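*Asks:* When you get a sec, could you give me coordinates for this:
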Amino acid sequence: MDVIETAEGHGFSRKDRIWRSVRIPIQIPEDESVDSVEFFNQRGPDTDAVALVDAISGEEISYKKFRVMFRTVGSGLHSLGLKKGDVILLLSPNSILYPVLIYGCWSIGVIVTTVNPVNTTYEIEKQLKDSGARMIFTVPALYSKVEKLGKPVVMIATAEEEKSLPKSITPFSKLLSADPSNLPKVIRRQSETAALLYSSGTTGMSKGVVLTHRNIIAVILQLLNDAPPEVRERRYMVMLPMYHIYGLAVVTLAQFIRPGTLVILPRFEPELFFRTIEKYRITDLPVVPPIIIMLTKSKEVDRYDLSSLVELTTGAAPCGIELTKELHARLRSVRIRQGFGMTETTGLVGVNECRPDLSHFGSTGTLVSNMEAKIVDISTGKALLPYEQGEIWVRGPNVMKEYLNNVKETASTIDSEGWLHTGDLGYYDKTGQLHVVDRLKELIKFKGFQVAPAELEALLLTHPQISDAAVVPLPDDKAGEVPVAYVVKDPTSNLTEKEVIAFAAEKVSPYKRLHRVTFIAAIPKSPSGKILRRELSLLAKQKAKL
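*Replies:* Have a look, this model is predicted:
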């Protein structure tokens, strides 16, 4: 009873067992004509301060110039025949032109669907057809993936690269030379679709997530409402892929409204990463767990001046408490926060409020403004109490509209009361901190017990000779499934399979013990940091047959 009473003071209702955000509520503009573009026009900076920087070339775009550029691009898009409701497909690595194109599209009511640059032609064509995209925007290095898909192509290229472009391809520079005064007057609505972002497909078939302008505005306001103590000149590194909701909405779009400079990296390379932090005096560093692992374990950290860092935020995949503590021990002056979100919530559900005693470590924080959540028993559908594990359900203004062209999946994900069933297993503690255990679909079923791979992975990463690890299920006739691990060990290590199994066995219950360990050169992961368990599970099954 004491736990419940304590929890009630942190947003929990004993009556309906719903958690409600205790942060200051946000006020989304009630005027339907205030879409993402109008919101930026009203709230975004209009100064000569630098908005975007290309970390490699050094090219800069000021906020004032950005406003002119996206209207110019909007006019150019209109001249190509694009109109409100059309969809364009964007296949490109990070670029300072990425947000210019997105706002340019939105200025005339065009919808954007973004694509992972590593996708195959087959995967791109599938998304092209499902989204109904009329035009493709890409770069020379990726053109071979789309040249035979039968759609007009606009090439984002350098002046030198444009010289060798086929006449059938429109150079992006043509859009940049359009007359911004010819931007058509389009009636745009906050409730209309802004973007179609596709889920990673690592836990099921890839689906188009329909995000509205209201969803985008909600997340921007939620992040602004939760801004940490101000830094005079904020500089954000945008290394996370912009095609992903984390890099696009949580980092790029939100920071445009909170004045600061976005330093854009087209790709992740350790040396480039560290040099960029040092050169541009980065203050805010959004990352994913694989980068946390590198920052914690790599000796390269000590070669660079990282003293400008004020805040490091991680998301997209679980990050264990021990790993977070190790990082804190190495970067003591940096505030470390972890968040939880998904594409279906426009990237955000909760985020840590940093505490001096570091008691927020290991959780994904409290609910952001205007959000509600409950933990539900997966068998009975009953809402649970603090510390009881179940599926995480959330509700709020940043929850997607629907899955594109998929009524059945939409109905099974968002119920009649507006609750989004996340598919994640977790629990709330008495202070309103959400602890995400793992994806429900990834739990290993061992003799009726549930084993969370993320828990074992976090444990393995505490071993001084282990650089990375992943745990997956292996079918077993007696137990149903048993947990097996793939481990990346330090190059100089002589660590054995038996030693790794024994290390884990000392710290976990018998049903969680590892049954096999395979050493591997690298753990396969998506650009957002999620372990590609399907690949490893297939590998484990193949090995078991040998």
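*Asks:* pull the helix or strand with minimum mean pLDDT from this structure.
*Replies:* strand 449-451 (a mean of 74; mean pLDDT, DSSP states H and E).
*Asks:* what about Pro117, which SS state?
*Replies:* Assigned state for Pro117: coil (three-state reduction, DSSP: H, G, I helix; E, B strand; the rest coil).
*Asks:* Might one say that it is in contact with His244?
*Replies:* No. Pro117 is not in contact with His244 according to Cβ atoms under 8 Å; the separation is 11.1 Å. Any C-beta I mention is one placed from the backbone N, CA and C, and that applies to glycine too.
*Asks:* Same drill for those two, tell me which one is more crowded.
*Replies:* His244 (23 against 20; other Cβ atoms under 10 Å).
*Asks:* low pLDDT regions in the chain?
*Replies:* Residue ranges of the chain with pLDDT under 70: 1, 200-205, 227-232, 316-319, 354-359, 448, 527-528, 545-546.
*Asks:* if we go to 50?
*Replies:* Residue ranges of the chain with pLDDT under 50: 201-203.
*Asks:* Work out which residue lies at the spatial centre of it.
*Replies:* Closest to where the C-alpha atoms of the chain average out (Cα atoms, centre = their mean) is Tyr246, at 2.9 Å.
*Asks:* Would you list the phi and psi of that one?
*Replies:* With angles defined as degrees, to the nearest 10, Tyr246 sits at phi -60, psi -50.
*Asks:* go on, Ser467?
*Replies:* phi -90, psi -30.
*Asks:* Identify the residues contacting it.
*Replies:* Ile293, Lys297, Val488, Lys489, Asp490 (Cβ atoms under 8 Å, 6 or more residues apart in numbering).
*Asks:* Filter these down to the buried ones and express that as a PyMOL selection.
*Replies:* A single PyMOL command selects the buried members of the contacts of Ser467 (16 or more other Cβ atoms under 10 Å):
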select buried, resi 293+297+488+489
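*Asks:* now for the contacts of Ser467, which pair is the farthest apart?
*Replies:* Ile293 and Lys489 (13.2 Å; Cβ to Cβ).
*Asks:* The contacts of Ser467 into JSON lines, with extra columns for distance to Val50 and secondary structure?
*Replies:* Shown next, in JSON lines, are the contacts of Ser467 (distance: Cβ to Cβ, whole Å; DSSP: H, G, I helix; E, B strand; the rest coil):
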{"residue": "Ile293", "distance to Val50": "31", "secondary structure": "helix"}
{"residue": "Lys297", "distance to Val50": "33", "secondary structure": "helix"}
{"residue": "Val488", "distance to Val50": "39", "secondary structure": "strand"}
{"residue": "Lys489", "distance to Val50": "43", "secondary structure": "strand"}
{"residue": "Asp490", "distance to Val50": "40", "secondary structure": "coil"}
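*Asks:* May I see the contacts of Ser467 arranged in CSV, with distance to Ala329 as well?
*Replies:* Shown next, in CSV, are those (distance: Cβ to Cβ, whole Å):
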residue, distance to Ala329
Ile293, 14
Lys297, 12
Val488, 21
Lys489, 22
Asp490, 19
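*Asks:* After the host helix or strand of Lys279, which helix or strand is next?
*Replies:* Element membership for Lys279, per DSSP states H and E: helix 270-280. Using DSSP H and E, the helix or strand that follows helix 270-280 in sequence is strand 284-287.
*Asks:* List of residues touching that following strand?
*Replies:* In contact with strand 284-287 (Cβ under 8 Å, 6+ apart) are residues 231, 234-240, 246-247, 250-251, 255, 260, 277, 295, 309-315.
*Asks:* mind listing which of those are in helices?
*Replies:* With DSSP state H as the criterion, helices contain Gln255, Ile277, Leu295 from among those.
*Asks:* Please, a ChimeraX command that selects the buried ones among the contacts of strand 284-287?
*Replies:* Buried residues among the contacts of strand 284-287 (16+ other Cβ under 10 Å), as a ChimeraX selection:
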select :234,235,236,237,238,239,240,246,247,250,251,255,260,277,295,309,310,311,312,313,314,315
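*Asks:* ok, Ala469 touching Lys489?
*Replies:* No. Using Cβ under 8 Å, Ala469 is not in contact with Lys489; the gap is 9.3 Å.
*Asks:* which residues in the stretch 251-400 of the chain form strands?
*Replies:* 261-264, 284-287, 311-314, 335-340, 350-351, 366-367, 372-376, 390-395 (DSSP state E, counting those that start in this stretch).
*Asks:* could you dump those to CSV with distance to Leu536?
*Replies:* Formatted as CSV, these follow (distance: least, Cβ to Cβ, whole Å):
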stretch, distance to Leu536
strand 261-264, 32
strand 284-287, 23
strand 311-314, 22
strand 335-340, 24
strand 350-351, 28
strand 366-367, 33
strand 372-376, 29
strand 390-395, 24
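*Asks:* Out of those, which one sits most buried?
*Replies:* strand 350-351 (a mean of 28; mean count of other Cβ atoms under 10 Å).
*Asks:* Output the contacting helices and strands for that strand.
*Replies:* strand 335-340, strand 366-367 (3 or more Cβ pairs under 8 Å, 6 or more residues apart in numbering; DSSP states H and E).
*Asks:* ok so Lys498 is a strand residue?
*Replies:* No. Counting by three-state DSSP, Lys498 falls outside a strand, being helix.
*Asks:* ok so, going back, can you tell me which of the ones in helices among the contacts of strand 284-287 lies closest to His435?
*Replies:* Of the ones in helices among the contacts of strand 284-287, the one sitting nearest to His435 (Cβ to Cβ) turns out to be Leu295, at 22.5 Å.
*Asks:* Relative to Gly81, how far out is that closest one?
*Replies:* 47 Å (Cβ to Cβ, to the nearest Å).
*Asks:* Please apply the same query to Ile217.
*Replies:* For Ile217, the distance to Gly81 - Cβ to Cβ - is 29 Å.
*Asks:* before we move on, what about Gly132?
*Replies:* Distance from Gly132 to Gly81, by Cβ to Cβ: 15 Å.
*Asks:* So which of those two has more stuff around it?
*Replies:* With neighbours defined as other Cβ under 10 Å, Gly132 and Gly81 compare such that Gly132 has more, 16 against 10.
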